[in-house]
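sequence-free structure coming up:
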(Lines give C-alpha, C1' and ligand atoms only; values in the text may rest on other atoms or scores of the structure.)
Protein backbone atom coordinates (compact mmCIF):
# COMPACT_ATOMS: atom_id res chain seq x y z
CA UNK A 1 0.00 0.00 0.00
CA UNK A 2 1.48 3.37 -0.93
CA UNK A 3 1.50 6.56 1.10
CA UNK A 4 -1.49 8.22 -0.53
CA UNK A 5 -3.85 5.27 -0.01
CA UNK A 6 -2.58 4.96 3.55
CA UNK A 7 -3.22 8.62 4.35
CA UNK A 8 -6.63 8.46 2.68
CA UNK A 9 -7.55 5.45 4.80
CA UNK A 10 -6.31 7.24 7.91
CA UNK A 11 -8.44 10.29 7.10
CA UNK A 12 -11.57 8.15 6.59
CA UNK A 13 -10.97 6.36 9.91
CA UNK A 14 -10.55 9.71 11.66
CA UNK A 15 -13.79 11.12 10.20
CA UNK A 16 -15.83 8.00 10.95
CA UNK A 17 -14.35 7.80 14.46
CA UNK A 18 -15.23 11.46 15.11
CA UNK A 19 -18.76 10.86 13.80
CA UNK A 20 -19.24 7.76 15.96
CA UNK A 21 -17.83 9.54 19.01
CA UNK A 22 -19.94 12.69 18.53
CA UNK A 23 -23.18 10.69 18.20
CA UNK A 24 -22.40 8.71 21.35
CA UNK A 25 -21.15 11.63 23.48
CA UNK A 26 -24.03 13.98 22.69
CA UNK A 27 -26.55 11.12 22.56
CA UNK A 28 -27.93 12.21 19.19
CA UNK A 29 -31.17 10.31 18.41
CA UNK A 30 -30.71 7.64 15.80
CA UNK A 31 -33.53 8.97 13.59
CA UNK A 32 -31.58 12.25 13.27
CA UNK A 33 -28.05 10.93 12.80
CA UNK A 34 -27.21 7.26 13.20
CA UNK A 35 -23.59 6.37 14.01
CA UNK A 36 -21.50 4.69 11.28
CA UNK A 37 -21.57 1.38 13.16
CA UNK A 38 -25.38 1.37 13.07
CA UNK A 39 -25.40 2.28 9.35
CA UNK A 40 -23.05 -0.56 8.51
CA UNK A 41 -25.12 -2.92 10.64
CA UNK A 42 -28.32 -1.87 8.83
CA UNK A 43 -26.64 -2.13 5.43
CA UNK A 44 -25.71 -5.74 6.19
CA UNK A 45 -28.78 -6.88 8.12
CA UNK A 46 -31.25 -5.23 5.74
CA UNK A 47 -29.43 -6.54 2.70
CA UNK A 48 -32.39 -8.77 1.72
CA UNK A 49 -34.57 -5.64 1.67
CA UNK A 50 -32.00 -3.43 -0.06
CA UNK A 51 -30.72 -5.90 -2.63
CA UNK A 52 -33.78 -6.01 -4.96
CA UNK A 53 -33.87 -2.20 -4.96
CA UNK A 54 -30.11 -2.01 -5.62
CA UNK A 55 -30.53 -4.42 -8.52
CA UNK A 56 -33.15 -2.15 -10.11
CA UNK A 57 -31.04 0.99 -9.68
CA UNK A 58 -27.96 -0.87 -10.91
CA UNK A 59 -29.84 -1.97 -14.01
CA UNK A 60 -31.01 1.60 -14.65
CA UNK A 61 -27.46 2.91 -14.36
CA UNK A 62 -25.96 0.19 -16.58
CA UNK A 63 -28.62 0.63 -19.24
CA UNK A 64 -28.08 4.39 -19.07
CA UNK A 65 -24.36 3.92 -19.59
CA UNK A 66 -24.85 1.53 -22.50
CA UNK A 67 -27.41 3.82 -24.12
CA UNK A 68 -25.10 6.82 -23.62
CA UNK A 69 -22.18 4.99 -25.22
CA UNK A 70 -24.32 3.77 -28.10
CA UNK A 71 -25.37 7.34 -28.89
CA UNK A 72 -22.31 9.35 -27.83
CA UNK A 73 -19.81 7.36 -29.88
CA UNK A 74 -21.56 7.71 -33.28
CA UNK A 75 -22.40 11.36 -32.57
CA UNK A 76 -18.83 12.26 -31.62
CA UNK A 77 -17.52 10.49 -34.72
CA UNK A 78 -20.06 12.24 -36.94
CA UNK A 79 -19.16 15.63 -35.46
CA UNK A 80 -15.49 14.83 -35.95
CA UNK A 81 -15.99 13.76 -39.55
CA UNK A 82 -18.19 16.77 -40.42
CA UNK A 83 -17.12 19.99 -38.68
CA UNK A 84 -20.34 21.60 -39.94
CA UNK A 85 -22.24 19.16 -37.76
CA UNK A 86 -20.09 20.04 -34.79
CA UNK A 87 -20.76 23.74 -35.26
CA UNK A 88 -24.48 23.10 -35.61
CA UNK A 89 -24.82 20.70 -32.69
CA UNK A 90 -22.48 22.02 -30.01
CA UNK A 91 -24.83 24.83 -28.86
CA UNK A 92 -27.53 22.22 -28.28
CA UNK A 93 -25.12 19.98 -26.42
CA UNK A 94 -24.07 22.80 -24.13
CA UNK A 95 -27.68 23.90 -23.66
CA UNK A 96 -28.65 20.35 -22.73
CA UNK A 97 -26.21 20.61 -19.85
CA UNK A 98 -27.57 23.97 -18.73
CA UNK A 99 -30.99 22.41 -18.07
CA UNK A 100 -31.19 21.31 -14.44
CA UNK A 101 -31.84 17.60 -14.56
CA UNK A 102 -34.09 17.93 -11.50
CA UNK A 103 -36.44 20.10 -13.50
CA UNK A 104 -36.81 17.46 -16.18
CA UNK A 105 -37.40 14.54 -13.86
CA UNK A 106 -41.15 15.11 -13.23
CA UNK A 107 -41.76 15.56 -16.96
CA UNK A 108 -39.87 12.40 -17.80
CA UNK A 109 -42.06 10.50 -15.37
CA UNK A 110 -45.14 11.89 -17.10
CA UNK A 111 -43.79 10.95 -20.52
CA UNK A 112 -42.09 7.67 -19.79
CA UNK A 113 -43.99 6.43 -16.75
CA UNK A 114 -43.06 5.23 -13.30
CA UNK A 115 -41.08 2.31 -14.61
CA UNK A 116 -37.41 1.92 -15.44
CA UNK A 117 -37.52 3.86 -18.73
CA UNK A 118 -37.68 7.35 -17.20
CA UNK A 119 -34.70 6.58 -14.93
CA UNK A 120 -32.61 5.12 -17.74
CA UNK A 121 -33.36 8.21 -19.79
CA UNK A 122 -32.37 10.41 -16.86
CA UNK A 123 -29.04 8.62 -16.45
CA UNK A 124 -28.54 8.80 -20.21
CA UNK A 125 -28.92 12.60 -20.26
CA UNK A 126 -26.25 12.97 -17.60
CA UNK A 127 -23.72 10.43 -18.95
CA UNK A 128 -24.11 11.24 -22.62
CA UNK A 129 -22.51 14.67 -22.49
CA UNK A 130 -19.10 13.94 -20.89
CA UNK A 131 -18.56 10.93 -23.16
CA UNK A 132 -19.41 12.85 -26.35
CA UNK A 133 -17.27 15.85 -25.45
CA UNK A 134 -14.23 13.88 -24.31
CA UNK A 135 -14.34 11.52 -27.26
CA UNK A 136 -14.64 14.42 -29.69
CA UNK A 137 -11.71 16.17 -28.05
CA UNK A 138 -9.73 12.94 -28.19
CA UNK A 139 -10.43 12.45 -31.89
CA UNK A 140 -9.47 16.03 -32.62
CA UNK A 141 -6.23 15.80 -30.65
CA UNK A 142 -4.70 13.43 -33.21
CA UNK A 143 -1.25 14.57 -34.31
CA UNK A 144 -1.44 16.20 -37.79
CA UNK A 145 1.77 14.45 -38.86
CA UNK A 146 0.10 11.09 -38.36
CA UNK A 147 -2.88 12.35 -40.35
CA UNK A 148 -0.54 13.33 -43.18
CA UNK A 149 0.99 9.87 -43.14
CA UNK A 150 -2.45 8.27 -43.46
CA UNK A 151 -3.48 10.70 -46.19
CA UNK A 152 -0.39 9.80 -48.18
CA UNK A 153 -1.07 6.12 -47.65
CA UNK A 154 -4.36 6.77 -49.42
CA UNK A 155 -6.36 5.63 -46.41
CA UNK A 156 -10.14 6.14 -46.60
CA UNK A 157 -11.78 7.87 -43.61
CA UNK A 158 -13.22 4.83 -41.90
CA UNK A 159 -9.96 2.91 -42.13
CA UNK A 160 -8.08 5.86 -40.66
CA UNK A 161 -10.75 6.05 -37.99
CA UNK A 162 -10.26 2.45 -36.95
CA UNK A 163 -6.49 2.36 -37.22
CA UNK A 164 -5.56 5.84 -36.03
CA UNK A 165 -8.25 8.18 -34.66
CA UNK A 166 -10.16 5.75 -32.48
CA UNK A 167 -7.18 4.24 -30.62
CA UNK A 168 -5.73 7.75 -30.35
CA UNK A 169 -8.93 8.98 -28.66
CA UNK A 170 -9.40 5.98 -26.36
CA UNK A 171 -7.71 7.51 -23.29
CA UNK A 172 -9.98 10.56 -23.51
CA UNK A 173 -12.99 8.35 -24.17
CA UNK A 174 -12.26 6.50 -20.95
CA UNK A 175 -11.78 9.77 -19.07
CA UNK A 176 -15.26 10.81 -20.22
CA UNK A 177 -16.69 7.39 -19.37
CA UNK A 178 -15.27 7.65 -15.84
CA UNK A 179 -16.92 11.02 -15.31
CA UNK A 180 -20.16 9.65 -16.79
CA UNK A 181 -20.13 6.56 -14.62
CA UNK A 182 -19.49 8.51 -11.45
CA UNK A 183 -22.45 10.84 -12.03
CA UNK A 184 -24.74 8.15 -13.43
CA UNK A 185 -26.05 7.25 -9.96
CA UNK A 186 -27.33 10.83 -9.56
CA UNK A 187 -29.51 10.55 -12.64
CA UNK A 188 -31.05 7.25 -11.64
CA UNK A 189 -31.73 8.28 -8.04
CA UNK A 190 -33.32 11.62 -8.96
CA UNK A 191 -35.56 9.75 -11.35
CA UNK A 192 -36.58 7.40 -8.57
CA UNK A 193 -37.25 10.21 -6.12
CA UNK A 194 -39.75 11.81 -8.40
CA UNK A 195 -41.77 8.71 -9.03
CA UNK A 196 -40.98 5.03 -8.77
CA UNK A 197 -42.11 1.79 -7.18
CA UNK A 198 -38.66 0.34 -6.68
CA UNK A 199 -35.00 1.26 -6.61
CA UNK A 200 -32.62 2.66 -4.00
CA UNK A 201 -33.97 6.19 -4.49
CA UNK A 202 -37.50 4.91 -3.85
CA UNK A 203 -36.26 3.06 -0.75
CA UNK A 204 -34.63 6.27 0.54
CA UNK A 205 -37.83 8.30 0.14
CA UNK A 206 -39.89 5.59 1.83
CA UNK A 207 -37.51 5.17 4.76
CA UNK A 208 -37.13 8.90 5.12
CA UNK A 209 -40.87 9.34 5.51
CA UNK A 210 -40.90 6.64 8.21
CA UNK A 211 -37.88 8.18 9.98
CA UNK A 212 -35.91 4.98 9.32
CA UNK A 213 -32.79 7.09 9.02
CA UNK A 214 -30.28 4.20 9.28
CA UNK A 215 -31.92 2.62 6.24
CA UNK A 216 -31.60 5.91 4.31
CA UNK A 217 -27.91 5.96 5.08
CA UNK A 218 -27.59 2.26 4.28
CA UNK A 219 -29.12 2.92 0.86
CA UNK A 220 -26.64 5.76 0.30
CA UNK A 221 -23.83 3.41 1.30
CA UNK A 222 -24.97 0.83 -1.23
CA UNK A 223 -25.29 3.50 -3.88
CA UNK A 224 -21.77 4.75 -3.18
CA UNK A 225 -20.43 1.20 -3.33
CA UNK A 226 -22.11 0.66 -6.68
CA UNK A 227 -20.61 3.88 -8.04
CA UNK A 228 -17.15 2.86 -6.83
CA UNK A 229 -17.47 -0.60 -8.33
CA UNK A 230 -18.44 0.89 -11.70
CA UNK A 231 -15.56 3.35 -11.49
CA UNK A 232 -13.14 0.50 -10.75
CA UNK A 233 -14.56 -1.64 -13.56
CA UNK A 234 -14.04 1.18 -16.05
CA UNK A 235 -10.48 1.59 -14.78
CA UNK A 236 -9.81 -2.12 -15.20
CA UNK A 237 -11.30 -2.13 -18.68
CA UNK A 238 -9.13 0.85 -19.61
CA UNK A 239 -5.99 -0.89 -18.37
CA UNK A 240 -6.92 -4.00 -20.31
CA UNK A 241 -7.53 -2.13 -23.56
CA UNK A 242 -4.91 0.61 -23.48
CA UNK A 243 -1.78 -1.46 -23.21
CA UNK A 244 0.52 0.95 -25.00
CA UNK A 245 0.68 3.68 -22.36
CA UNK A 246 3.23 2.78 -19.75
CA UNK B 1 10.59 11.40 -63.77
CA UNK B 2 9.33 14.35 -61.82
CA UNK B 3 9.23 17.84 -63.28
CA UNK B 4 8.17 20.76 -61.11
CA UNK B 5 7.95 24.23 -62.63
CA UNK B 6 7.13 27.60 -61.15
CA UNK B 7 5.73 26.12 -57.95
CA UNK B 8 4.57 28.73 -55.45
CA UNK B 9 3.12 28.74 -51.96
CA UNK B 10 2.12 31.81 -49.97
CA UNK B 11 1.26 32.29 -46.33
CA UNK B 12 -0.55 35.52 -45.47
CA UNK B 13 0.55 36.99 -48.77
CA UNK B 14 4.21 36.22 -48.08
CA UNK B 15 5.86 33.70 -50.39
CA UNK B 16 7.36 30.64 -48.71
CA UNK B 17 8.70 29.98 -52.20
CA UNK B 18 7.72 31.09 -55.66
CA UNK B 19 8.96 30.14 -59.08
CA UNK B 20 10.43 26.96 -57.61
CA UNK B 21 11.73 24.49 -60.21
CA UNK B 22 12.81 20.91 -59.77
CA UNK B 23 13.84 18.22 -62.20
CA UNK B 24 14.17 14.75 -60.73
CA UNK B 25 15.06 11.97 -63.21
CA UNK B 26 13.96 8.40 -62.42
CA UNK B 27 16.25 6.49 -60.10
CA UNK B 28 18.10 9.57 -58.92
CA UNK B 29 18.72 10.61 -55.33
CA UNK B 30 18.34 14.36 -54.90
CA UNK B 31 18.81 16.27 -51.69
CA UNK B 32 17.51 19.70 -50.76
CA UNK B 33 19.91 21.11 -48.21
CA UNK B 34 18.87 24.10 -46.20
CA UNK B 35 18.58 25.58 -42.72
CA UNK B 36 15.68 24.69 -40.41
CA UNK B 37 12.59 26.75 -41.04
CA UNK B 38 13.45 27.67 -44.62
CA UNK B 39 10.26 26.11 -45.96
CA UNK B 40 11.44 22.62 -46.87
CA UNK B 41 8.58 20.90 -45.16
CA UNK B 42 6.12 23.32 -46.73
CA UNK B 43 7.55 22.33 -50.10
CA UNK B 44 6.90 18.67 -49.32
CA UNK B 45 3.39 19.42 -48.08
CA UNK B 46 2.72 21.32 -51.28
CA UNK B 47 4.11 18.52 -53.45
CA UNK B 48 2.00 15.93 -51.65
CA UNK B 49 -1.14 18.05 -51.65
CA UNK B 50 -1.36 18.25 -47.85
CA UNK B 51 -1.58 21.99 -48.46
CA UNK B 52 -2.72 23.13 -51.91
CA UNK B 53 -0.20 24.86 -54.15
CA UNK B 54 -0.86 28.47 -55.14
CA UNK B 55 0.77 28.22 -58.56
CA UNK B 56 2.93 26.00 -60.72
CA UNK B 57 2.91 22.67 -62.50
CA UNK B 58 3.76 19.24 -61.22
CA UNK B 59 4.39 16.70 -63.95
CA UNK B 60 5.01 13.06 -63.08
CA UNK B 61 5.97 10.73 -65.93
CA UNK B 62 4.47 13.00 -68.53
CA UNK B 63 1.20 13.57 -66.70
CA UNK B 64 0.24 16.85 -65.07
CA UNK B 65 -0.86 16.38 -61.48
CA UNK B 66 -2.38 18.67 -58.90
CA UNK B 67 -0.21 16.89 -56.34
CA UNK B 68 1.73 13.67 -55.75
CA UNK B 69 -0.28 12.51 -52.73
CA UNK B 70 -1.15 9.09 -54.10
CA UNK B 71 2.08 8.55 -55.97
CA UNK B 72 4.82 8.89 -53.41
CA UNK B 73 6.05 7.13 -50.32
CA UNK B 74 6.85 9.32 -47.37
CA UNK B 75 9.19 9.13 -44.41
CA UNK B 76 9.28 11.67 -41.63
CA UNK B 77 11.90 12.55 -39.03
CA UNK B 78 9.54 11.20 -36.41
CA UNK B 79 9.02 7.48 -36.90
CA UNK B 80 5.20 8.00 -36.73
CA UNK B 81 4.74 4.42 -35.62
CA UNK B 82 1.44 3.68 -33.92
CA UNK B 83 2.11 2.63 -30.32
CA UNK B 84 -0.87 0.26 -30.27
CA UNK B 85 0.48 -1.88 -33.09
CA UNK B 86 3.46 -4.21 -33.28
CA UNK B 87 6.34 -3.31 -35.58
CA UNK B 88 4.98 -5.79 -38.11
CA UNK B 89 1.48 -4.30 -38.05
CA UNK B 90 2.96 -0.82 -38.37
CA UNK B 91 4.94 -1.83 -41.43
CA UNK B 92 1.81 -3.42 -42.88
CA UNK B 93 -0.23 -0.22 -42.59
CA UNK B 94 0.17 0.92 -46.23
CA UNK B 95 -1.06 -2.48 -47.42
CA UNK B 96 -3.92 -2.48 -44.94
CA UNK B 97 -5.17 1.02 -45.71
CA UNK B 98 -5.25 0.19 -49.41
CA UNK B 99 -6.88 -3.19 -48.92
CA UNK B 100 -4.10 -5.21 -50.57
CA UNK B 101 -3.56 -8.94 -50.24
CA UNK B 102 -2.37 -9.22 -46.64
CA UNK B 103 -0.71 -12.61 -46.92
CA UNK B 104 1.55 -11.37 -49.70
CA UNK B 105 2.21 -8.12 -47.85
CA UNK B 106 3.12 -10.03 -44.70
CA UNK B 107 5.57 -12.16 -46.62
CA UNK B 108 7.21 -9.13 -48.17
CA UNK B 109 7.38 -7.32 -44.82
CA UNK B 110 9.05 -10.34 -43.25
CA UNK B 111 11.69 -10.26 -45.99
CA UNK B 112 12.23 -6.53 -45.48
CA UNK B 113 12.50 -6.96 -41.71
CA UNK B 114 15.20 -9.52 -42.34
CA UNK B 115 16.99 -7.31 -44.85
CA UNK B 116 16.97 -4.27 -42.54
CA UNK B 117 17.98 -6.15 -39.41
CA UNK B 118 14.61 -6.23 -37.69
CA UNK B 119 14.06 -9.99 -37.86
CA UNK B 120 12.86 -11.31 -34.51
CA UNK B 121 11.27 -7.99 -33.53
CA UNK B 122 8.09 -8.35 -35.58
CA UNK B 123 5.81 -8.60 -32.58
CA UNK B 124 7.53 -5.95 -30.46
CA UNK B 125 5.72 -2.72 -29.76
CA UNK B 126 7.49 0.52 -30.81
CA UNK B 127 8.19 1.59 -27.22
CA UNK B 128 10.04 -1.66 -26.60
CA UNK B 129 12.75 -1.01 -29.19
CA UNK B 130 15.40 1.67 -29.76
CA UNK B 131 14.94 4.84 -31.79
CA UNK B 132 17.14 3.42 -34.54
CA UNK B 133 15.00 0.30 -34.81
CA UNK B 134 11.83 2.36 -34.86
CA UNK B 135 13.19 4.40 -37.73
CA UNK B 136 14.20 1.20 -39.54
CA UNK B 137 10.63 0.01 -39.13
CA UNK B 138 9.47 3.34 -40.57
CA UNK B 139 11.79 2.65 -43.50
CA UNK B 140 10.18 -0.75 -44.04
CA UNK B 141 6.78 0.95 -43.94
CA UNK B 142 8.02 3.47 -46.51
CA UNK B 143 9.03 0.59 -48.79
CA UNK B 144 5.64 -1.03 -48.24
CA UNK B 145 4.01 2.02 -49.84
CA UNK B 146 5.30 0.31 -52.97
CA UNK B 147 5.71 3.55 -54.89
CA UNK B 148 8.58 4.66 -57.06
CA UNK B 149 8.91 8.20 -55.79
CA UNK B 150 10.04 8.50 -52.19
CA UNK B 151 10.03 11.70 -50.16
CA UNK B 152 12.28 11.75 -47.13
CA UNK B 153 11.70 14.58 -44.67
CA UNK B 154 14.88 14.74 -42.53
CA UNK B 155 14.40 11.04 -41.87
CA UNK B 156 17.40 10.63 -39.57
CA UNK B 157 17.61 13.99 -37.82
CA UNK B 158 16.02 12.76 -34.61
CA UNK B 159 18.66 10.06 -34.12
CA UNK B 160 22.02 10.15 -32.35
CA UNK B 161 25.14 10.41 -34.52
CA UNK B 162 26.16 6.74 -34.26
CA UNK B 163 22.70 5.38 -35.07
CA UNK B 164 22.33 7.89 -37.86
CA UNK B 165 25.50 6.71 -39.54
CA UNK B 166 24.26 3.11 -39.55
CA UNK B 167 20.92 4.12 -40.96
CA UNK B 168 22.44 6.20 -43.74
CA UNK B 169 23.63 2.97 -45.31
CA UNK B 170 20.13 1.56 -45.12
CA UNK B 171 18.67 4.69 -46.72
CA UNK B 172 21.04 4.14 -49.58
CA UNK B 173 19.41 0.77 -50.18
CA UNK B 174 16.27 2.63 -51.24
CA UNK B 175 18.15 3.68 -54.35
CA UNK B 176 20.69 0.93 -54.92
CA UNK B 177 18.57 -2.12 -54.10
CA UNK B 178 14.98 -0.96 -54.44
CA UNK B 179 15.49 1.45 -57.38
CA UNK B 180 13.48 4.27 -55.85
CA UNK B 181 13.53 7.84 -57.08
CA UNK B 182 14.28 9.89 -54.03
CA UNK B 183 13.84 13.47 -52.93
CA UNK B 184 15.20 14.12 -49.46
CA UNK B 185 15.31 17.27 -47.38
CA UNK B 186 17.92 17.65 -44.70
CA UNK B 187 20.10 20.16 -42.89
CA UNK B 188 22.93 17.68 -42.46
CA UNK B 189 25.73 18.40 -44.96
CA UNK B 190 27.53 15.09 -44.41
CA UNK B 191 24.35 13.11 -44.90
CA UNK B 192 23.69 14.93 -48.16
CA UNK B 193 27.24 14.23 -49.37
CA UNK B 194 27.04 10.53 -48.54
CA UNK B 195 23.70 9.89 -50.20
CA UNK B 196 22.95 12.39 -52.92
CA UNK B 197 23.51 12.42 -56.64
CA UNK B 198 22.53 16.08 -56.69
CA UNK B 199 22.58 18.53 -53.82
CA UNK B 200 20.54 21.73 -54.01
CA UNK B 201 21.43 24.45 -51.56
CA UNK B 202 18.43 26.42 -50.35
CA UNK B 203 18.23 30.00 -49.20
CA UNK B 204 16.17 31.08 -46.20
CA UNK B 205 12.67 32.49 -46.81
CA UNK B 206 11.58 32.90 -49.48
CA UNK B 207 13.11 29.57 -50.26
CA UNK B 208 15.03 29.22 -53.51
CA UNK B 209 17.81 27.03 -54.90
CA UNK B 210 21.03 29.03 -54.75
CA UNK B 211 23.51 26.42 -55.94
CA UNK B 212 23.53 22.90 -57.27
CA UNK B 213 26.27 20.32 -56.79
CA UNK B 214 26.28 17.01 -58.63
CA UNK B 215 28.42 14.22 -57.23
CA UNK B 216 29.34 11.49 -59.67
CA UNK B 217 30.81 9.25 -56.98
CA UNK B 218 29.97 5.55 -56.63
CA UNK B 219 28.04 4.49 -53.52
CA UNK B 220 28.55 3.64 -50.74
CA UNK B 221 30.92 6.53 -50.36
CA UNK B 222 33.79 7.06 -47.96
CA UNK B 223 33.79 10.10 -45.72
CA UNK B 224 37.39 10.91 -46.68
CA UNK B 225 36.99 10.71 -50.44
CA UNK B 226 38.89 13.73 -51.84
CA UNK B 227 36.10 14.80 -54.19
CA UNK B 228 33.57 14.52 -51.39
CA UNK B 229 35.72 16.59 -49.06
CA UNK B 230 36.29 19.15 -51.80
CA UNK B 231 32.54 19.46 -52.39
CA UNK B 232 31.95 19.72 -48.67
CA UNK B 233 34.39 22.61 -48.44
CA UNK B 234 32.59 24.32 -51.30
CA UNK B 235 29.19 23.85 -49.72
CA UNK B 236 30.33 25.05 -46.32
CA UNK B 237 32.06 28.03 -47.92
CA UNK B 238 28.89 28.87 -49.76
CA UNK B 239 26.76 28.57 -46.63
CA UNK B 240 29.19 30.74 -44.68
CA UNK B 241 28.70 33.54 -47.15
CA UNK B 242 25.04 33.44 -46.22
CA UNK B 243 23.94 30.94 -48.81
CA UNK B 244 23.09 33.62 -51.32
CA UNK B 245 24.12 33.15 -54.93
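Received, thanks. For clarity, every value in this text was computed on a predicted model and none was experimentally measured. Residues are numbered from 1 along each chain as shown, chains lettered A, B, ... in the order given.

from here on, just use CA atoms for contacts and neighbour counts.
Will do.

now residue B:96, what's its secondary structure?
Under DSSP: H, G, I helix; E, B strand; the rest coil, the three-state class of residue B:96 is helix.

these two touch, right, it and residue B:102?
Yes. Counting by Cα atoms under 8 Å, residue B:96 does reach residue B:102; the two are 7.1 Å apart.

more neighbours: which of these two?
When neighbours are counted by other Cα atoms under 10 Å in any protein chain shown, residue B:96 and residue B:102 differ, and residue B:96 comes out ahead with 18 against 12.

residues in contact with that one?
residue B:102 (Cα atoms under 8 Å, 6 or more residues apart in numbering or on different chains).

do you know how far it is from residue A:146?
Applying Cα to Cα, to the nearest Å, the value for residue B:96 to residue A:146 is 16 Å.

what residues does chain B have near chain A?
Residues of chain B found near chain A (Cα under 8 Å from any Cα of the partner chain) are B:48, B:50, B:69-70, B:72-74, B:80, B:82-84, B:94, B:97-98, B:125, B:145.

tell me which of the residues you listed fall in strands.
B:72, B:73, B:74 (DSSP state E).

confirm residue B:16 sits in a strand?
Yes. The assignment for residue B:16, made by three-state DSSP, places it in a strand.

that one against residue B:37, yeah?
No. In this structure residue B:16 lies outside contact range of residue B:37 using Cα under 8 Å: 10.1 Å.

make CSV out of the ones in strands among the residues of chain B next to chain A and add neighbour count and pLDDT.
Below are these laid out as CSV (neighbours: other Cα atoms under 10 Å in any protein chain shown; pLDDT from 0 to 100):
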residue, neighbour count, pLDDT
B:72, 21, 90
B:73, 27, 91
B:74, 28, 90
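
looking at the residues you listed, which is nearest residue A:178?
Closest approach to residue A:178 among these (Cα to Cα): residue B:74, at 38.6 Å.

pretty sure that closest one sits against residue A:152.
Yes. Residue B:74 is within contact range of residue A:152, at 7.3 Å (criterion: Cα under 8 Å).

where do the domain boundaries of chain B fall?
B:28-50+B:66-71+B:149-245, B:81-146 (automatic domain parsing).

now the residue of chain B found nearest chain A. Nearest residue, chain neighbours left out?
Nearest residue of chain B to chain A, counting by Cα to the nearest Cα: residue B:97, 4.8 Å away. Leaving aside its chain neighbours, residue B:97 sits nearest to residue A:155 (4.8 Å; criterion: Cα to Cα, 6 or more residues apart in numbering or on different chains).

can you report how many residues neighbour that neighbour?
22.

again, but for residue B:122
Residue B:122 has 18 nearby residues by other Cα under 10 Å.

how close does it get to residue A:78?
In terms of Cα to Cα, residue B:122 sits 35 Å off from residue A:78.

find the centremost residue of chain A, please.
With distances taken as Cα atoms, centre = their mean, chain A has residue A:181 as the residue nearest its mean C-alpha position (2.4 Å).

which ones are touching residue A:218?
Counted by Cα under 8 Å, 6+ apart, residue A:218 has contacts A:39, A:40, A:42, A:43.

low-confidence ranges in chain B?
For chain B, applying pLDDT under 70 flags the ranges B:242-245.

got it, and chain A?
Using pLDDT under 70, chain A drops low at A:1, A:246.

which SS state does the residue in it that chain B sits nearest to fall under?
Going by Cα to the nearest Cα, chain B is nearest to residue A:155 of chain A, at 4.8 Å. Secondary structure, three-state DSSP: residue A:155 is coil.

re earlier: wait, the residue nearest to residue B:97 touches residue B:99, no?
No. Using Cα under 8 Å, residue A:155 is not in contact with residue B:99; the gap is 9.2 Å.

can you mark which positions in the helix or strand residue A:92 falls within are buried?
Residue A:92 is part of helix A:83-98 when elements are defined by DSSP states H and E. Residues of helix A:83-98 classed as buried under the neighbour-count rule (16 or more other Cα atoms under 10 Å in any protein chain shown) are residue A:86.

for the residue nearest to residue B:97, give me the backbone phi and psi.
phi -80, psi 130 (degrees, to the nearest 10).

next, the angle from the helix of greatest length in chain A to helix A:83-98.
Criterion DSSP state H: the longest helix present in chain A is helix A:47-81. Counting by axes from the mean of the first three to the mean of the last three Cα atoms, to 10 degrees, helix A:47-81 lies at 150 degrees to helix A:83-98.

buried set for helix A:47-81?
A:47, A:50-51, A:53-54, A:56-69, A:72-73, A:75-77, A:79-81.

ok, and the closest non-adjacent residue to the residue most central in space within chain B?
In chain B, the residue lying closest to the centroid (Cα atoms, centre = their mean) is residue B:152, at 1.4 Å. Distances taken as Cα to Cα, 6+ apart put residue B:184 closest to residue B:152, at 4.4 Å, once the chain neighbours are dropped.

host element of residue 184?
In the absence of a named chain, chain A is used. Counting by DSSP H and E, residue A:184 is part of helix A:166-194.

switch to chain B, please.
Going by DSSP H and E, residue B:184 is in strand B:181-186.

now the helix or strand just after that strand, how far from the chain's geometric center?
Counting by DSSP H and E, the next helix or strand C-terminal to strand B:181-186 is helix B:189-195. Remark: helix B:189-195 is offset 13 Å from the chain centroid, using Cα atoms, centre = their mean, to the nearest Å.

give me the contacts around the helix or strand just after helix B:189-195.
Of the helices and strands lying after helix B:189-195 in sequence (DSSP H and E), the nearest is strand B:198-202. For strand B:198-202, the external contacting residues (Cα under 8 Å, 6+ apart) are B:29-35, B:38, B:192-193, B:208-215, B:243.

now do the contacts for residue B:44.
So residue B:44 contacts B:151, B:153 (Cα under 8 Å, 6+ apart).

residue A:14 sits in which helix or strand?
helix A:3-25.

residue B:120: neighbouring residues, count only.
Residue B:120: 10 neighbours (other Cα under 10 Å).

same deal with the one 4 residues further on?
Residue B:124 has 14 neighbouring residues, counting by other Cα under 10 Å.

residue A:15 now?
Neighbours of residue A:15 (other Cα under 10 Å): 11.

before we move on, back to that, surely the residue of chain B closest to chain A and residue A:153 touch.
Yes. In this structure, residue B:97 is within contact of residue A:153 by Cα under 8 Å, at 6.8 Å.

when those two are compared, which one has more neighbours?
Comparing residue B:97 with residue A:153 by other Cα under 10 Å, the one with more neighbours is residue A:153, at 25 against 19.

tell me how many other residues crowd the closest residue to the more buried one other than its chain neighbours.
Excluding the flanking residues, the one nearest residue A:153 by Cα to Cα, 6+ apart is residue B:94, at 5.5 Å. Neighbours of residue B:94 under the rule other Cα under 10 Å: 25.
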